[in-house]
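1. next come a sequence and a model predicted from it.
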Amino acid sequence: MRQFNADAVVRIRDTVRTVEGRQSVPQAQRANTTPLQFDYVVFGKTDAAITKGDSGTVSVWDKPQDLGGVDTGDNITVINRFGSIVAGKEVLCYTTNFGFLVIAAEC
């Protein structure tokens, strides 16, 4: 079975959108909540407080709010293995073989 790397996925996506006549959307603006064959990082904000050891929902943003970022409308479920995070804080999330893991949070 052939596996695609990140560059191949981007090329395939762009080709399909070109054929369909749609504008290409950069990958960073969308969160793919299905497991892929490669790891990636997602930037977002917590929808509610997430205590250490629990899971919660994060709204995916295209970039930090202070840099003009906007909510993409996508949400992901994350696991918080570190300290408790209050609602509305910017976070960085990383894919693992068991889902998204919060790896950094705004203080």
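-> The structure has been received and is ready for your questions.
2. give me the most central residue, this protein.
-> Val42 (3.0 Å; CA atoms, centre = their mean).
3. what's the separation between that one and Glu106?
-> 15 Å (CB to CB, to the nearest Å). The C-beta positions use only the backbone N, C-alpha and C, and glycine is treated the same way.
4. which stretches of this protein form strands?
-> 41-46, 55-61, 71-79, 90-96, 99-105 (DSSP state E).
5. between those, which one is closest to Asp14.
-> Among these, strand 71-79 comes nearest to Asp14, with 18.2 Å by CB to CB.
6. quick one: work out the angle between that closest one and strand 99-105.
-> On the basis of axes from the mean of the first three to the mean of the last three CA atoms, to 10 degrees, strand 71-79 is oriented at 100 degrees to strand 99-105.
7. show me what the lowest-mean-pLDDT helix or strand in the chain is packed up against.
-> The weakest-scoring helix or strand in the chain, judged by mean pLDDT, DSSP states H and E, is helix 6-20 (a mean of 77). Packing partners of helix 6-20 (3 or more CB pairs under 8 Å, 6 or more residues apart in numbering; DSSP states H and E): none among the helices and strands.
8. distance from the chain centre to it, please.
-> Chain-centre distance of helix 6-20: 19 Å, with CA atoms, centre = their mean, to the nearest Å.
9. then stretch 6-24?
-> That offset, for stretch 6-24, works out to 19 Å (CA atoms, centre = their mean).
10. try stretch 99-107
-> With CA atoms, centre = their mean as the basis, stretch 99-107 stands 11 Å off its chain's centre.
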